[in-house]
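Novice: after the sequence you'll find the predicted model.
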Amino acid sequence: MPQSAFLTRQAPLLRPDPGRVIVRSFRLTAEPLALKPGEKTRANHIVDRVMALDPEAAAAQLAEVLENFDGRHRNLLARFEARADEMEPAFAAHPSFTLLQRRLVGAYFMHEYSFEAAALFNPSIVPHPDQSGVAAGSCRFIVSLRAVGEGHVSSLTFRSGIVSADGTITVDRTERLATLPRLVRLVGGMDGDEVEIAFSGDEDLSERVIFPVTPAQANGIEDARFVAFDEGGGSTIYYATYTAYSGSTIRSELIETRDFRVFNLSPLAGTAARNKGMGLFPRKIDGRYAMIARQDNENLYLIYSDDLRIWNGGEAILRPVFPWEFVQIGNCGAPIELDEGWLLLMHGVGPVRRYSIGAALLDKNDPSKVLGRSHRPLLRPEPAEREGYVPNVVYTCGAMRHGDQIILPYAVSDTFTNFATIRIDDLLKSLD
């Protein structure tokens, strides 16, 4: 069956916007993490210069900063004060300082960062926790996106929208402002840092940006695969596996949220959590958590665990078979539950490292049994989709079911994001 017979590309496109910026802390490259008593660094020298300004000049300088930047960010003075709180070692050499001076020093140790200047890609999609006011047969959704800015640093951002009863997709307007969350809790452990962050709640969902917090995430929070997890009894929690990149090493981590306002981030442990691309099943199977992963860089494994944060072992259930996937295969997000079984979207890498998207159907009671898979890709780069940061790539981190269709957001050449819909009946017929 030709691809066009059951897959329809939609009009909405999500493109990177360099005009959307966050204001974040920076540390001078020569600034040590801890200062010795009496030692002065570049940071001290900057503080010295600020402290030397008379009150009128300091007030004028802060007013100029606010005139230039206040309309581009929420609560800018509070962010300057919070940054000053982090600069206490640089204040240690000074007997006293005013609130004005603290705010001005904070401003000197912050900068704007265009977090999605380079790319907005690798999406996943889940039903929005708030479905109030949605027309019958429609569904409000949340799309998570990997945003990339200067230095190829990846962060996590969001969009919302509506899919109508007939599968028409509308994405809500993206707000101009963007903001970082408040750090609520940071706990160090043997396996790394656990983090709780919270947004104030008065921002639009599209304003919220989860930027790297811990050393393990320093260069990126990559490819979040969100899933609406059924806890039973009508309770849903949202999990996402993602790749934390330090700049030299990677590890798998987990996000947990109920409202997309408060998030917990924690590392995953175990021999099966050492690579990219883990996809959590949306409910327990026989009382255990289940995951699809690719710990050997080539094949897909089914793994079970009694502990959501520890994953070991696993059974290889899918290996590269067809020419379009000879280099490697990987999962494209959480399996989707159908009456017929678990639908697993998967990517394959073929000649000239062209990425395509296919699917497999797993037995509902025993997902280690493969009932069918794509002989040909469901989605491959069209001529208009070949150019970008990484050419010849289509990729997704998760789709969702809506009635008799699959709603598939997908990235194009690691640059921007598009949407497609797939008719489930016809898709299943294509899996042998």
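Specialist: Received it, and whenever you're ready, just let me know what you need.

Novice: for the rest of this, base every contact and every neighbour count on C-alpha atoms.
Specialist: OK.

Novice: so what's the residue count around Leu62?
Specialist: Other residues lying near Leu62 total 18 when counted by other CA atoms under 10 Å.

Novice: ok but it is inside a helix, no?
Specialist: Yes: Leu62 forms part of a helix when assessed by DSSP: H, G, I helix; E, B strand; the rest coil.

Novice: OK, contacts around it?
Specialist: Leu62 is in contact with Leu100, Arg103, Leu104, counting by CA atoms under 8 Å, 6 or more residues apart in numbering.

Novice: so Trp381 versus Phe281, what's the distance?
Specialist: In this structure residue 381 is Pro, not Trp. Counting by CA to CA, to the nearest Å, the gap from Pro381 to Phe281 is 27 Å.

Novice: before we move on, the earlier item: show me which of the contacts of Leu62 is closest to Thr236.
Specialist: Arg103 (41.8 Å; CA to CA).

Novice: check contacts around Glu222.
Specialist: Arg146, Ser154, Ser155, Leu156, Tyr242, Thr243, Ala244, Tyr245.

Novice: reformat those residues as TSV; add neighbour count and distance to Asn68.
Specialist: What follows is the contacts of Glu222, written out as TSV (neighbours: other CA atoms under 10 Å; distance: CA to CA, whole Å):
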residue	neighbour count	distance to Asn68
Arg146	29	28
Ser154	29	27
Ser155	24	25
Leu156	24	27
Tyr242	27	36
Thr243	25	36
Ala244	27	34
Tyr245	21	33
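
Novice: number of nearby residues for Asp193?
Specialist: 18.

Novice: can you pull the contacts of the nearest residue to Ser154 once chain neighbours are set aside?
Specialist: Distance criterion CA to CA, 6 or more residues apart in numbering; nearest residue to Ser154, sequence neighbours excluded, is Gly220 at 4.1 Å. Residues counted as contacts of Gly220 (CA under 8 Å, 6+ apart) are His152, Val153, Ser154, Ser155, Phe211, Pro212, Thr243, Ala244, Tyr245, Ser246, Gly247.

Novice: re the thing from before, among the contacts of Leu62, which are in strands?
Specialist: Per DSSP state E, strands hold no members of the contacts of Leu62.

Novice: of the residues you listed, closest to Glu81?
Specialist: Arg103 (5.2 Å).

Novice: poorly predicted segments of this protein, please.
Specialist: Under the criterion pLDDT under 70, the flagged ranges of the chain are 1-4, 28-40, 90, 93, 95, 190-191.

Novice: kindly report the domain assignment for it.
Specialist: The record's domain parsing of the chain by automatic domain parsing lists 3-20+116-429, 32-113.

Novice: so which of those domains is the most surrounded?
Specialist: With neighbours defined as mean count of other CA atoms under 10 Å, the domains of the chain peak in mean count at domain 3-20+116-429, which reaches a mean of 19.

Novice: export the helix or strand where Arg49 lies as CSV, just CAs?
Specialist: Secondary structure assignment for Arg49, by DSSP states H and E: helix 42-52. What follows is helix 42-52, C-alpha atoms only, in CSV (Å, rounded to 0.1, in the frame of the first residue of the first chain):
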residue,chain,number,x,y,z
ARG,A,42,37.3,38.7,37.9
ALA,A,43,34.0,38.4,39.6
ASN,A,44,35.3,40.4,42.5
HIS,A,45,36.6,43.0,40.2
ILE,A,46,33.2,43.4,38.5
VAL,A,47,31.6,43.7,42.0
ASP,A,48,34.3,46.3,43.0
ARG,A,49,33.4,48.4,39.9
VAL,A,50,29.6,48.3,40.7
MET,A,51,30.2,49.1,44.3
ALA,A,52,32.3,52.1,43.3
